[in-house]
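S.K.: Dropping a prediction and its sequence here:
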Amino acid sequence: MENIEAKLDIIEKWFSVPSKKLINVYNIVKEKGIMSSEDYRQITDIGIPIINKLSNATGLSIEKVRSTIIQKGISFNYFHEAIISYSEFCTKEK
């Protein structure tokens, strides 16, 4: 069983994000089931460049991911996959 809070904590430390900021956004997206443009803005505002990871998770181009986020949002499942990918990256690059 994965400990998502530990994975989010790894990402926050890697990007020097204030504690619990990413966890709060993650929980909001999980509850809604979709990452909206506002959620995306919050993540990028705290310094996490998640667009490439979302592109990898969805199989869409970066531009298509951006337009999808603006038009209708991205499924929580893709967002979750992007977060897991980031935590693995941050762990390997230590």
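M.R.: Cool, the structure landed.
S.K.: Could you use CA atoms for every contact and neighbour count after this?
M.R.: Will do.
S.K.: Do you know the pLDDT at residue 88?
M.R.: Listed pLDDT for residue 88 reads 89.
S.K.: My error: substitute residue 35 in the last question.
M.R.: On the pLDDT scale, residue 35 gets 97.
S.K.: Beta-bridge partners for it, please?
M.R.: residue 74 (DSSP bridges).
S.K.: dump the residue contacts of it.
M.R.: Residue 35 makes contact with 29, 69, 73, 74, 75, 76, 79 under the criterion C-alpha atoms under 8 Å, 6 or more residues apart in numbering.
S.K.: Can you tell me which of those residues is closest to residue 20?
M.R.: residue 29 (14.2 Å; C-alpha to C-alpha).
S.K.: Now that closest one: which helix or strand?
M.R.: Using DSSP states H and E, residue 29 falls within helix 21-32.
S.K.: buried sites along that helix?
M.R.: Within helix 21-32, the residues scored as buried using 16 or more other C-alpha atoms under 10 Å are 22, 23, 25, 26, 29, 30.
S.K.: ok, now stretch 53-66?
M.R.: Neighbour-count burial for stretch 53-66 [16+ other C-alpha under 10 Å]: 53, 54, 55, 56, 57, 58, 62, 65, 66.
S.K.: Do me a favour and get the backbone dihedrals for residue 50.
M.R.: phi -90, psi -10 (degrees, to the nearest 10).
S.K.: my read: it touches residue 81, true?
M.R.: No: between residue 50 and residue 81 there is no contact under C-alpha atoms under 8 Å: 11.0 Å.
S.K.: counting contacts, what elements does the helix holding residue 29 pack onto?
M.R.: helix 4-14, helix 37-45, helix 76-92 (3 or more C-alpha pairs under 8 Å, 6 or more residues apart in numbering; DSSP states H and E).
S.K.: Now render the ones you listed as CSV, adding mean neighbour count.
M.R.: Shown next, in CSV, are these (neighbours: other C-alpha atoms under 10 Å):
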stretch, mean neighbour count
helix 4-14, 17
helix 37-45, 15
helix 76-92, 18
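S.K.: residue contacts, residue 84?
M.R.: Contacts of residue 84 by C-alpha under 8 Å, 6+ apart are residue 7.
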